[in-house]
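Participant: Predicted model follows, preceded by the sequence.
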Amino acid sequence: MTPDDGPAGPGGSVLPGLVDMHVHLGLVDHTALAGSPVVEVHDLGWRPGAARQWRADLSPSVLVEAAGPFHTAPGGYPKGRSWAPEGAVREIEDEPGARAAALALVGQGAHTLKVTLHTGAPRLSDDLLHTLVRAAHAAGLTVSAHAEGAGQAARAAAAGVDVLVHVPWTEPLDEDTVRAMAGNTTWISTFAIHEPPVRAVALDNARRFLALGGRLRYGTDMGNGPTPLGVNEAEILALGEAGLTGDALLTALTGVLHPAPEPPATRLLYNERPRPRTAAECAAWFSTAQRLSVAPVEVSPR
């Protein structure tokens, strides 16, 4: 099945469920996601070991990937923030500490190493950042970065970071940085957490990134303020503002590439609406979709 194709009952359509690539399950009632149109979430920063309970509560309805703690310099973001519990931040002091951190994540079953590069707080040196990225890659992990402030996205790109967990929003990126990142990184949207003036910067960066072939994926930063539990229509609409439509938009929302093998039924949604193409149609479609396993529809043979 492809993102824009699939079996459907009369007048309806079937699509893979939403994959939210940036959430913080420790800050929300995660059990509310069970049975929702969201079939997979990627938690990007919390205490090691918390994912065991999340998975127990949500399996098999929602697949949970978890990054474990934030990795930063001693005293770096988000150390000391009221919402970051003890153990949610791992401070990296030296090269042995960087290698130990990567190995610890493997033992925890993490899917990525999350590093923070936050202007206004202590940050890893370039050398130590590069060491941490190399250690994670050697351990079979990707590296995801929170890059906030002037020059931090460029630092992440130079270090070989795989994912920016927010589309850069604090500055317009120069064309060389955008071009370099388009060939090597994935950006997670999180547009809807920003107020309009800041969101405009992020959208401009994203449009240029997409024009150069960059990979943009749906992520909401669920738990950061009053974000919806489940489908975030404002985030879907913002992906449309960035320029995504059709197959590319559905890929950003579901993670299913074109062409792709048919997902299991537990990851499929049904809606009486026709297959969506625009962001507005996708927002309406996903917000009213049902899991296929409980949807009142007979799948027509192809």
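Facilitator: Thanks, I have the structure now. Worth saying up front: this structure is predicted, and the values here are computed from it rather than measured.
Participant: Run through the stretch 51-200 of the chain and note the low-pLDDT ranges.
Facilitator: Applying pLDDT under 70 to the stretch 51-200 of the chain picks out no residues at all.
Participant: How are the strands of it distributed by residue range?
Facilitator: Using DSSP state E, counting those that start in this stretch, the strands of the stretch 51-200 of the chain run over residues 63-66, 70-72, 89-91, 112-118, 142-148, 163-164, 186-188.
Participant: can those go into TSV with extra columns for distance to residue 230 and mean neighbour count?
Facilitator: Bear in mind the C-beta positions are built from the backbone N, C-alpha and C, glycine included. Output for those, formatted as TSV (distance: least, C-beta to C-beta, whole Å; neighbours: other C-beta atoms under 10 Å):
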stretch	distance to residue 230	mean neighbour count
strand 63-66	15	22
strand 70-72	25	25
strand 89-91	28	20
strand 112-118	23	25
strand 142-148	23	23
strand 163-164	23	23
strand 186-188	17	23
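Participant: so can I have a markdown table of those strands showing distance to residue 279?
Facilitator: Listed next are the strands of the stretch 51-200 of the chain as a markdown table, based on distance: least, C-beta to C-beta, whole Å:
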| stretch | distance to residue 279 |
| --- | --- |
| strand 63-66 | 24 |
| strand 70-72 | 31 |
| strand 89-91 | 35 |
| strand 112-118 | 27 |
| strand 142-148 | 25 |
| strand 163-164 | 21 |
| strand 186-188 | 17 |
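Participant: so which of those gets nearest residue 12?
Facilitator: With C-beta to C-beta as the measure, strand 63-66 is the member of these nearest residue 12 (24.6 Å).
Participant: for the closest one, packing partners?
Facilitator: If you count contacts as 3 or more C-beta pairs under 8 Å, 6 or more residues apart in numbering; DSSP states H and E, strand 63-66 packs onto strand 38-43, helix 50-58.
Participant: tell me the most buried of these?
Facilitator: strand 38-43 (a mean of 25; mean count of other C-beta atoms under 10 Å).
Participant: Just checking: what are the partner strands of that strand?
Facilitator: The strands beside strand 38-43 in its sheet (DSSP bridges) come out as strand 18-23 (parallel), strand 63-66 (parallel).
Participant: To residue 226, which of the ones you listed lies closest?
Facilitator: strand 18-23 (14.2 Å).
Participant: and the angle for the closest one with helix 50-58?
Facilitator: 150 degrees (axes from the mean of the first three to the mean of the last three C-alpha atoms, to 10 degrees).
Participant: May I have strand 18-23 as PDB, with CA atoms only?
Facilitator: Output of strand 18-23 as PDB, limited to C-alpha atoms (Å, rounded to 0.1, in the frame of the first residue of the first chain):
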ATOM      1  CA  LEU A  18      -0.300   9.300  11.900                       C
ATOM      2  CA  VAL A  19       3.300   9.100  13.100                       C
ATOM      3  CA  ASP A  20       4.100  11.900  15.500                       C
ATOM      4  CA  MET A  21       7.900  12.300  15.500                       C
ATOM      5  CA  HIS A  22       8.200  14.700  18.400                       C
ATOM      6  CA  VAL A  23       6.300  14.100  21.600                       C
END
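Participant: That one: how far from the chain's middle?
Facilitator: Using C-alpha atoms, centre = their mean, to the nearest Å, the mean C-alpha position of strand 18-23 is found 5 Å from that of the whole chain.
Participant: Which residues does it contact?
Facilitator: By C-beta atoms under 8 Å, 6 or more residues apart in numbering, the list of residues contacting strand 18-23 from outside reads 37-44, 165-166, 188, 190, 217-223, 231-232, 253-255, 286.
Participant: Mind doing that once more with 7 Å?
Facilitator: Strand 18-23 is contacted from outside by 37-44, 165, 188, 190, 217-223, 231, 253-255, 286, using C-beta atoms under 7 Å, 6 or more residues apart in numbering.
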